[in-house]
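K.L.:
Using only what follows, build the 3D model:
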Amino acid sequence: MIGTVSVRPTRLALLARNFTYSFTGLHKFNSSIDSVPSLSSRKFSSASPTLVNSQNPGSGPRLQPKKPLDVISEEKGGGISRIDEDISIEYPEDTGLPRTPIIQGRGGRHFKRTLAQFSLEDKVSVVTGGASGIGLALSQSIVASGSHLAIVDMNRKLIANPRYLVQKIIKTNYHNVDDEAQIQAKTLLEQFKSENPGLEKLPTVTAHYADVSNPASVDDAIADIIAKQGKIDNLVTCAGFTENFSAVTYPYDRMQKLWGVVVDGTYLFTTGVAKHLIKRQASGSMVVIGSMSGAIVNVPQPQAPYNAAKAAVRHLAASLAVEWATHDIRVNCISPGYILTALTRKILEENFEFREKWVSLIPAGRVGMPEDLMGPVTFLLSDSARYITGADLRVDGGYTLT
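P.N.:
The predicted model follows:
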């Protein structure tokens, strides 16, 4: 049918491009890649497009699909890109998650040359949420890059799992340690020492308590860091968590808690450290950990409050970057994609179908690891990024590109 109609080449090219795009999009979002044939091999039946000019039928042909093609979206389309409101996942108690291990082989002397600008030598860096997950990996990268470190966490008591605690105490000889931040601070330093034998100057690694959603607690933590470390140069805000409830069933008190940790916590720590830097008339660098969820809507799990909170964090970073530029304080955002932390692993183990759906939408073909964020955060904190502020660096395997 198409071959018998005379159409100007430019319009024919445009039509071909539009239909190729349509079928490519349908192909991409279908759960079975083989279920949609390519345009070149597709045989049009009675539902094939016909050539009609709806405005003036006698003036020339125009390609227009018939009804059966129109109803594809109603019958089959969009399924993989929709929220499943039946999914409900509450953030577990901290004692229900295994301790995050220190990543092996990430310190040590470098035998390959790199720019001196990447060094964080003699800086003091603060990481909130630094005792586990992404925060612990970032803490380790900061120490490996030459910085002193202050880990801020909720100091979770480990008495809920006494057998594991006893094993840990015996292994590390820390007989009086009962909170996670202190254990991880000492373990991290021991790991650094083992990978740098004979190193005369070791970094100072301290542990501090803070409820990041509480202004007085944040002020106390910052004062404690300054008292023990002498100053603060860099900040990474990594404290946060996510839960999955449909918007109409999300418990309001839990939503308030999430926003308190993610949004209020980021605001309170960034402004608190900024006050210290401005008072010292010192330059500084901050990296807030956002999420790709601040720019897209994750599927199939519902998490509207988390998505909105991370969008707020991303724009807060941009706003503070402009406001504090005159003080030589840089503020950037890193937006990770799916990262395989202890929490993510637990979710995937209990909801195996998530992994297939998530990975199918990631061009890189895999879920990220915490160490995938070690280089980006070091770069943004260091002088190698001294002309970068207000940026949002997405580390998501290409998820948000498609």
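K.L.:
make it CA atoms for all contacts and neighbour counts henceforth
P.N.:
Noted.
K.L.:
Domain-wise, how is this protein divided?
P.N.:
Following automatic domain parsing, one finds the domains of the chain at 2-81, 94-401.
K.L.:
Ranked by average pLDDT, which of these falls at the bottom?
P.N.:
Ranked by mean pLDDT, the domains of the chain bottom out at domain 2-81, with a mean of 46.
K.L.:
what's the burial count for residue 368?
P.N.:
For residue 368, the count of nearby residues is 19 (other CA atoms under 10 Å).
K.L.:
Am I right that it is in contact with residue 339?
P.N.:
Yes. Residue 368 is in contact with residue 339 according to CA atoms under 8 Å; the separation is 4.5 Å.
K.L.:
ok, then the element right after the strand or helix carrying residue 257?
P.N.:
When elements are assigned from DSSP states H and E, residue 257 belongs to helix 252-259. Sequence-wise, the next helix or strand downstream of helix 252-259 (DSSP H and E) is helix 265-280.
K.L.:
Does anything pack onto that next one? Which helices or strands?
P.N.:
helix 215-229, strand 234-237, strand 284-289 (3 or more CA pairs under 8 Å, 6 or more residues apart in numbering; DSSP states H and E).
K.L.:
List the neighbouring strands of the shortest one plus their orientation.
P.N.:
The sheet places strand 234-237 alongside strand 124-128 (parallel), strand 284-289 (parallel), with pairing taken from DSSP bridges.
K.L.:
now what about the first one, what contacts it?
P.N.:
Spelled out, it's strand 124-128. 135, 138-139, 142, 147-153, 229, 231-239 (CA atoms under 8 Å, 6 or more residues apart in numbering).
K.L.:
Then stretch 258-266?
P.N.:
212-214, 237, 239-242, 288, 305-306, 309-310, 312-313.
K.L.:
Excluding chain neighbours, give the residue nearest to residue 241 in space.
P.N.:
residue 258 (6.8 Å; CA to CA, 6 or more residues apart in numbering).
K.L.:
just so I have it, where are all the strands in the stretch 301-402 of the chain?
P.N.:
Secondary structure of the stretch 301-402 of the chain (DSSP state E, counting those that start in this stretch): strands located at 329-336, 392-395.
K.L.:
Buried residues, stretch 180-195. List them.
P.N.:
180-189, 191-193, 195 (16 or more other CA atoms under 10 Å).
K.L.:
So which of these are in helices?
P.N.:
In this view, these that belong to helices under DSSP state H are 180-189, 191-193, 195.
K.L.:
Between these, which sits nearest residue 204?
P.N.:
residue 189 (8.3 Å; CA to CA).
K.L.:
just to revisit the earlier point, pick the most deeply packed of the strands of the stretch 301-402 of the chain.
P.N.:
Neighbour counts (mean count of other CA atoms under 10 Å) averaged over each of these peak at strand 329-336, with a mean of 26.
K.L.:
name the helices or strands packed onto that one?
P.N.:
Packed next to strand 329-336, using 3+ CA pairs under 8 Å, 6+ apart, are strand 284-289, helix 304-323, helix 374-381, strand 392-395.
K.L.:
ok, so what distance separates residue 390 from residue 86?
P.N.:
37 Å (CA to CA, to the nearest Å).
K.L.:
Next: residue 140.
P.N.:
Taking CA to CA, one finds residue 140 at 38 Å from residue 86.
K.L.:
and the angle for the helix holding residue 257 with helix 265-280?
P.N.:
Interaxial angle, helix 252-259 versus helix 265-280 (axes from the mean of the first three to the mean of the last three CA atoms, to 10 degrees): 30 degrees.
K.L.:
Between helix 304-323 and helix 252-259, find me the angle.
P.N.:
30 degrees.
K.L.:
So which bits of helix 252-259 are buried?
P.N.:
Within helix 252-259, the residues scored as buried using 16+ other CA under 10 Å are 255, 258, 259.
K.L.:
Can you show me the CA trace of it as CSV?
P.N.:
Extracted in CSV, the C-alpha atoms of helix 252-259 (Å, rounded to 0.1, in the frame of the first residue of the first chain):
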residue,chain,number,x,y,z
TYR,A,252,2.6,10.0,58.4
ASP,A,253,5.0,9.7,61.3
ARG,A,254,7.4,7.6,59.2
MET,A,255,7.2,10.1,56.4
GLN,A,256,8.2,12.8,58.9
LYS,A,257,11.1,10.7,60.2
LEU,A,258,12.3,10.1,56.6
TRP,A,259,12.2,13.8,55.7
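K.L.:
if we can go back for a sec, residue 200 is nearest to which of the strands paired with strand 234-237?
P.N.:
strand 124-128 (18.3 Å).
K.L.:
Any chance of JSON lines for the strands of the stretch 301-402 of the chain, columns distance to residue 353?
P.N.:
JSON lines is the format used below for the strands of the stretch 301-402 of the chain (distance: least, CA to CA, whole Å):
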{"stretch": "strand 329-336", "distance to residue 353": "21"}
{"stretch": "strand 392-395", "distance to residue 353": "23"}
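K.L.:
for these, which one sits closest to residue 355?
P.N.:
strand 329-336 (16.4 Å).
K.L.:
How about residues contacting the closest one?
P.N.:
With CA under 8 Å, 6+ apart, strand 329-336 has contacts from 274, 283-292, 294, 314, 317-318, 320-321, 324, 373, 376-377, 380, 386, 388-396.
K.L.:
Apply 7 Å and report the result again.
P.N.:
Defining contact as CA atoms under 7 Å, 6 or more residues apart in numbering, one finds that strand 329-336 is touched by 283-292, 314, 317, 320-321, 389-396.
K.L.:
Leaving out chain neighbours, which residue sits closest to residue 295?
P.N.:
Nearest non-adjacent residue to residue 295 (CA to CA, 6+ apart): residue 311, at 6.5 Å.
K.L.:
The one you found touches residue 294, doesn't it?
P.N.:
Yes. Using CA atoms under 7 Å, residue 311 makes contact with residue 294 at a distance of 3.8 Å.
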